[in-house]
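**Student:** turn this into a structure:
(one chain, ligands or ions: 2)
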Amino acid sequence: MGEQQKKHIAILGSTGSIGTQALEVVAENQDNFEVEVLTAGSNATLLIEQAKAFKPNVVVIGAEGKYDEVFAALDPLGIKVYAGDNALASVVEMDTIDMVLTALVGYAGLRPTLNAIEAGKNIALANKETLVVAGELVTSLAKEKGVNLYPVDSEHSAIFQCLAGEFHNPIEKILLTASGGPFRGKDRKFLESVTKEQALKHPNWDMGAKITIDSATLMNKGLEVIEAKWLFGLKKEQIDVVVHPQSIIHSIVQFEDGSMKAQMGLPDMKLPIQYALGYPNRLPSNFPRFNFLNYPSLTFEEPNTKLFRNLALAYEAMERGGNIPCVLNAANEVVVDAFLKDKVSFLEMPDIVETCMSKMSFIPSPEYDALVQTDKETRILASELIN
Ligand code: NAD
Ligand code: MG
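**Tutor:** Ligands and ions are numbered 1, 2, ... in the order given. All right, here's what the predicted structure looks like:
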C-alpha cells in the first residue's frame, strides 16, 4: 500500500492498556497506518516516549500542569503540543485524521467522540462509557454524518465479525460472554471483605484499573449490554449474558433460523483493535493461535445477578432509558474511584449506584446539556452517599 492509502489515526488515551496495544498494532503494520494524533490524561513521560517513536503531528496532554514538560521535549521535533480538555475535544476535528480510536476511559470520552463524529471521522470505539451515557445522541449523529462506529470491545467486535456478510439478516438475539471476573462463584461473606488488590487481579485480561474493577463487579458486562443495544440496534430481550470463564468464545449471534455464529480466539485485545483499525481487511498477524487441545472443556454458566447486582441494574437502566444509563455510569465512576481509594467496600458499590438511580430525576429524551447536568449532579449525589 502506498503512502496515499495509509489510514491516518488519532489515538485518544494512547498511554493506557488499549492505547499501548493499539500502538503495537500500528508498529507491526506501518504500511497501513500512520499516527496523526496521540493524547494522554497525565502520563507525560510515556506520551513523550510514544511521540518520539511514532512521530504524530500533534499531541495533547490532559493535565495542563504537564504542558511545559511535554512541550520542551516535543516542540524541537516539530510536534505540536496542546493541553487540557478543550484541546482534547477539538483535536479530533483535524482534516488529516481518517479515524479516531477512543481509548480513553469514562465519561471524558463523550465530548471528543461527539466532535469527531460531527467532523465526519470514523470511530474505532473502545470507550464504552460514551455509548452508555449518550447512545441515542451518538448513534443518531453517526447516522446523520455517515460515520461508522467500529467496536473495539472484544464482545462487540465478535458480534460485528459474526455479522460480516449478514447485515441484511435480522438478529434474533446475541449472547455476550463474560469471564465472571476474579470473584466468580464466591459468596456474600467472601465479597464483604474483598480488597482492591484482589479485585485488580483479573484471571484472563490485563486492563486499566477502572474496567478491571468493573469486571469484578459485573458492571463491565452491564455497560456492554447497553453498548450492544446501541451498536446493533437491539431490544433488551435480544441481549443475553452467559458466563464463560475461559474467555475463548468472545460472543455469539443467533439468527432467525436458529443458527448461531460465534467468534473465537485466545483473549488478546490486539485482535479486536486490529480488526477495527483495519476494517474491512483482516491484516496478517503473529498473535498466538488457539489450540483446542489445550482447552479440553469450554464451560458456561448463568451470571449470578443476585450477588453481582450491577448487571441487573444495567438492564434496569437500559429499560428505563433517558438519562438513567448516564446516572448509572456517573455513579459507577464515582464508586469505582472510591473503591480504589479504600473509601467504599465492594458490596457498597451497587448499593450506591442503585440509590442514585432511584433518586435522580428522570429525563426521557435528554439532549447533550441535560446529560452533562445529569452526570454532574449524579457525581455530587454519589459522593455524598459515600461520605
Ligand atoms: P486505561 O486506564 O489503561 O487507559 C486510559 C487512557 O485514557 C490513558 O491513556 C489515560 O491517560 C487516558 N485518560 C484517562 N482519563 C482521562 C481524562 N479524563 N481525559 C483524557 N484522557 C484520559 O484504560 P483502558 O483499560 O485502556 O480502557 C480504555 C477504554 O477502553 C475504557 O472505556 C474501557 O472500558 C475500554 N476497554 C478496555 C479494554 C481493555 O482490555 N483494557 C477492553 C475493552 C474495552
Ligand atoms: Mg469487553
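
**Student:** alpha carbons only for contacts and neighbour counts from here, please
**Tutor:** Noted.

**Student:** which SS state does the residue with the largest distance to the centre of the chain fall under?
**Tutor:** Centroid-distance maximum for the chain: residue 76 at 34.2 Å, with CA atoms, centre = their mean. Secondary structure, DSSP: H, G, I helix; E, B strand; the rest coil: residue 76 is helix.

**Student:** could you check how far it is from residue 54?
**Tutor:** Distance from residue 76 to residue 54, counting by CA to CA, to the nearest Å: 15 Å.

**Student:** do stretch 178-193 and ligand 1 come into contact?
**Tutor:** No. No part of stretch 178-193 sits near ligand 1 under the criterion CA under 6 Å from any ligand atom; the closest distance found is 11.9 Å.

**Student:** can I get that stretch in CSV, CA atoms only?
**Tutor:** Listed next in CSV are the C-alpha coordinates belonging to stretch 178-193 (Å, rounded to 0.1, in the frame of the first residue of the first chain):
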residue,chain,number,x,y,z
ALA,A,178,-18.5,-12.8,30.4
SER,A,179,-15.4,-14.3,32.2
GLY,A,180,-17.2,-13.8,35.5
GLY,A,181,-14.2,-12.0,36.8
PRO,A,182,-11.9,-12.9,39.8
PHE,A,183,-14.9,-13.4,42.2
ARG,A,184,-17.0,-15.8,40.2
GLY,A,185,-18.6,-18.4,42.4
LYS,A,186,-17.7,-16.5,45.7
ASP,A,187,-20.4,-16.0,48.3
ARG,A,188,-21.6,-12.8,50.0
LYS,A,189,-19.5,-13.4,53.1
PHE,A,190,-16.4,-13.5,50.9
LEU,A,191,-17.4,-10.4,48.9
GLU,A,192,-18.0,-8.4,52.1
SER,A,193,-14.3,-8.0,52.7
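
**Student:** can you show me the strands along the stretch 251-387 of the chain?
**Tutor:** Taking DSSP state E, counting those that start in this stretch as the test, the strands found in the stretch 251-387 of the chain are 260-264.

**Student:** repeat that for the stretch 51-200 of the chain.
**Tutor:** Under the criterion DSSP E, counting those that start in this stretch, the stretch 51-200 of the chain carries strands at the ranges 58-61, 80-83, 99-102, 122-125, 149-151, 171-178.

**Student:** dump the ones you listed to a markdown table, plus mean neighbour count and mean pLDDT.
**Tutor:** Shown next, in a markdown table, are those (neighbours: other CA atoms under 10 Å; pLDDT from 0 to 100):
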| stretch | mean neighbour count | mean pLDDT |
| --- | --- | --- |
| strand 58-61 | 27 | 98 |
| strand 80-83 | 20 | 98 |
| strand 99-102 | 27 | 98 |
| strand 122-125 | 26 | 98 |
| strand 149-151 | 25 | 98 |
| strand 171-178 | 22 | 98 |
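
**Student:** so which of the ones you listed comes closest to ligand 2?
**Tutor:** strand 171-178 (7.9 Å; CA to the ion).

**Student:** and the closest one, how far from the chain's centre?
**Tutor:** With CA atoms, centre = their mean, to the nearest Å as the basis, the distance from the averaged C-alpha position of strand 171-178 to the chain average is 18 Å.

**Student:** before we move on, what about stretch 137-144?
**Tutor:** Remark: stretch 137-144 is offset 18 Å from the chain centroid, using CA atoms, centre = their mean.

**Student:** same deal with stretch 377-387?
**Tutor:** Counting by CA atoms, centre = their mean, stretch 377-387 comes out at 24 Å from the chain centroid.

**Student:** so who does residue 158 touch?
**Tutor:** 250-252, 262-264, 272 (CA atoms under 8 Å, 6 or more residues apart in numbering).

**Student:** any of the residues you listed buried? List them.
**Tutor:** 250-252, 262-263, 272 (16 or more other CA atoms under 10 Å).

**Student:** how is this structure divided into domains?
**Tutor:** Residue ranges for the domains of the chain, per automatic domain parsing: 7-151, 156-201+213-268+282-303, 321-387.

**Student:** can I get those domains in JSON lines with distance to residue 314?
**Tutor:** As requested, these are exported to JSON lines (distance: least, CA to CA, whole Å):
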{"stretch": "domain 7-151", "distance to residue 314": "9"}
{"stretch": "domain 156-201+213-268+282-303", "distance to residue 314": "5"}
{"stretch": "domain 321-387", "distance to residue 314": "7"}
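
**Student:** near ligand 1 at all, stretch 61-68?
**Tutor:** Yes. Interface with ligand 1: stretch 61-68 contributes residue 62 (CA under 6 Å from any ligand atom).

**Student:** residue 33 and residue 22 touch, don't they?
**Tutor:** No. Here residue 33 lies out of contact with residue 22, judged by CA atoms under 8 Å, at a distance of 10.7 Å.

**Student:** neighbour count for the two, which is higher?
**Tutor:** Using other CA atoms under 10 Å as the criterion, residue 33 and residue 22 rank with residue 22 on top: 24 against 20.

**Student:** flag the shaky bits of the stretch 251-387 of the chain, pLDDT-wise.
**Tutor:** Within the stretch 251-387 of the chain, no stretch has pLDDT under 70.

**Student:** many thanks, we can stop here.
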